[in-house]
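**Q** below are the sequence and a predicted model; questions follow.
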Amino acid sequence: MKNHKSINLMIYCFIVMIIGCTSPYLKQTTTIKNGGEQDKPEITEVPAQLNSSYAYKDEEDILEEILENYDQAVIARKEGYFGLAETKIENALILSQQVDLDKIEDESLVILFKEALISLAQENGKILSESLIIAEEDPMAWLEDVDIEQFRSGKWSDDELEDIVMKIATKCDIPIEFNKKVRNAIYLFQNGRRVEMAKWLKRSGRYIPMIHKIFAEVGIPQDMVYLSMIESGYNPRAFSRARAVGLWQFIYSTGKIYGLNRNQWIDERRDPVKSTIAAAKHLVDLYKISDDWNNVMAAYNCGARRIVSQLKKTENLEYWDMQLPRETRNYVPFFMAAVVISKAPEIFGFDNIEKDLPFEFD
């Protein structure tokens, strides 16, 4: 995610320059070369650069463009498209830099510019706070940050918990193992992240039937549906600090490879059906690299190159013995814990979870 604080600082500095300087208005001019009719600034991942080809008739046109970008930022934020919202705020800020308020004779127009700038700062603050709330629910952040050794004890002995897990494992179509890491992950979800797990279990009712159908069409084990729980908590609006997006947390480049389009109006990484189809294709490709689903999941998390490199050095190397980043070392234990709890939530104290109604799709 872009640095909201620096954007906010730019906006507030601009406001201070307008309101608080000796001169009542901003004393800054930007020379725009003359030219023919030009397109509006293109929406990109990075702030659009102030371009000498932008030509406007007068300050009222610029104000209209600023307010248009502001309105689009508000809509994008409310829909959860925080990256797009940021870009719209930045575009509006760059447009505002083309104006020398000291030369505007219409006092009411000056006031409107001031109000627009204040609104931009306030909206950017909302983008920051709301995107951080979503980030706090981001399971992938825990994978990197949490020390699951903190959660090594619970209500059962290791033998008792192993017995519970292995009984549930007989009902799974993907291998589930029991070891200290899986034990700790179970206790993390049951205790340290209990509120979040309850949310995910509720949300799972909306998306699991759709994911099951798409996975069945390409032969992916049905229980791989729980990978989306670990990726996003079944949240199509999920936006990670690594700028991964959607149910399956695609970064832009991977999403593009698997046919997910993104522009200033749409981001198909957030489309539950299209992103699940893309995830299915990606998982099938990774399975061609290794027919061990643990390795497939590790590759999904940290990239196929790292897994292939280790398999070349040691044939049939198991996931548990690989040298991996902490996030990836936690990834499969988290997945297995999510499968076990999702299969029998009542056993782990998640009683009376009312699951959301299934997502309808063609």
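**A** That came through fine.

**Q** nearest spatial neighbour of residue 77, chain-adjacent residues omitted?
**A** With sequence-adjacent residues excluded and distances taken as CB to CB, 6 or more residues apart in numbering, residue 77 is closest to residue 85, at 4.2 Å. C-beta coordinates here come from the backbone N, C-alpha and C atoms, glycine included.

**Q** wait, what's in contact with residue 162?
**A** 178, 183 (CB atoms under 8 Å, 6 or more residues apart in numbering).

**Q** which secondary structure element is home to it?
**A** Element membership for residue 162 (DSSP states H and E) is helix 158-169.

**Q** downstream of that helix, the next helix or strand is which one?
**A** Downstream of helix 158-169, the first helix or strand assigned by DSSP H and E is helix 180-187.

**Q** which secondary structure elements does that next one contact?
**A** helix 158-169, helix 326-343 (3 or more CB pairs under 8 Å, 6 or more residues apart in numbering; DSSP states H and E).

**Q** could you redo the last one with a cut-off of 6 Å?
**A** On a contact count with 3 or more CB pairs under 6 Å, 6 or more residues apart in numbering; DSSP states H and E, helix 180-187 meets helix 326-343.

**Q** quick check: mean pLDDT across the helix it packs on?
**A** Mean pLDDT, computed over helix 326-343, is 95.

**Q** cool, stretch 178-188 as well?
**A** Averaged across stretch 178-188, the pLDDT comes to 93.

**Q** mind listing what's buried in it?
**A** Under the neighbour-count criterion of 16 or more other CB atoms under 10 Å, stretch 178-188 has 178, 181-188 buried.

**Q** what of stretch 245-264?
**A** In terms of neighbour count (16+ other CB under 10 Å), stretch 245-264 has its buried residues at 245-250, 252, 254-255, 258, 260, 262.

**Q** okay if I get the residues you listed as a markdown table plus secondary structure and distance to residue 79?
**A** Output for these, formatted as a markdown table (DSSP: H, G, I helix; E, B strand; the rest coil; distance: CB to CB, whole Å):
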| residue | secondary structure | distance to residue 79 |
| --- | --- | --- |
| 245 | strand | 13 |
| 246 | coil | 13 |
| 247 | coil | 16 |
| 248 | coil | 19 |
| 249 | coil | 18 |
| 250 | strand | 18 |
| 252 | helix | 18 |
| 254 | helix | 22 |
| 255 | helix | 18 |
| 258 | coil | 23 |
| 260 | coil | 17 |
| 262 | strand | 14 |
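
**Q** which one of these is nearest to residue 213?
**A** Set against residue 213, the nearest of the buried residues of stretch 245-264 by CB to CB is residue 247 (14.3 Å).

**Q** hang on, that closest one packs against residue 233?
**A** No: counting by CB atoms under 6 Å, residue 233 is not a contact partner of residue 247; they are 9.2 Å apart.

**Q** which secondary structure element contains residue 357?
**A** When elements are assigned from DSSP H and E, residue 357 belongs to no helix and no strand.

**Q** number of residues surrounding it?
**A** 9 (other CB atoms under 10 Å).

**Q** pLDDT value on it, please?
**A** As predicted, residue 357 sits at a pLDDT of 95.

**Q** what helix or strand is the closest residue to residue 205 other than its chain neighbours located in?
**A** Leaving aside its sequence neighbours, residue 205 sits nearest to residue 355 (CB to CB, 6+ apart; 2.7 Å). Assessed by DSSP H and E, residue 355 sits outside every helix and strand.

**Q** now the residue positioned nearest the centre of the chain: how far from residue 267?
**A** Nearest to the geometric centre of the chain sits residue 239, at 1.6 Å (CA atoms, centre = their mean). Using CB to CB, to the nearest Å, we find residue 239 at a distance of 10 Å from residue 267.

**Q** and the nearest residue to residue 181 once chain neighbours are set aside, how many residues sit next to it?
**A** Nearest non-adjacent residue to residue 181, counting by CB to CB, 6+ apart: residue 333, 3.9 Å away. In terms of burial, residue 333 registers 24 neighbours under the definition other CB under 10 Å.

**Q** surely the residue nearest to residue 77 meets residue 79?
**A** No: with contacts counted by CB under 6 Å, residue 85 stays clear of residue 79, the gap being 8.7 Å.

**Q** which of these two has more neighbours?
**A** With neighbours defined as other CB under 10 Å, residue 85 and residue 79 compare such that residue 85 has more, 24 against 13.

**Q** OK, contacts around the more buried one?
**A** Taking CB atoms under 6 Å, 6 or more residues apart in numbering as the criterion, residue 85 is in contact with 73, 76-77, 127.

**Q** helix or strand for it, which one?
**A** Counting by DSSP H and E, the element that carries residue 85 is helix 82-96.

**Q** then residue 308?
**A** Assigned by DSSP H and E, residue 308 falls in helix 304-313.

**Q** compute the inter-axis angle for that helix and helix 326-343.
**A** Angle, helix 304-313 to helix 326-343, by axes from the mean of the first three to the mean of the last three CA atoms, to 10 degrees: 100 degrees.

**Q** could I get helix 304-313 in CSV with only the CA atoms?
**A** Extracted in CSV, the C-alpha atoms of helix 304-313 (Å, rounded to 0.1, in the frame of the first residue of the first chain):
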residue,chain,number,x,y,z
ALA,A,304,7.4,-21.9,-7.1
ARG,A,305,11.0,-20.9,-7.7
ARG,A,306,12.0,-21.4,-4.1
ILE,A,307,10.3,-24.8,-3.8
VAL,A,308,11.7,-26.0,-7.1
SER,A,309,15.2,-24.9,-6.1
GLN,A,310,15.0,-27.0,-2.9
LEU,A,311,13.5,-30.0,-4.7
LYS,A,312,16.4,-30.0,-7.2
LYS,A,313,18.9,-30.1,-4.4
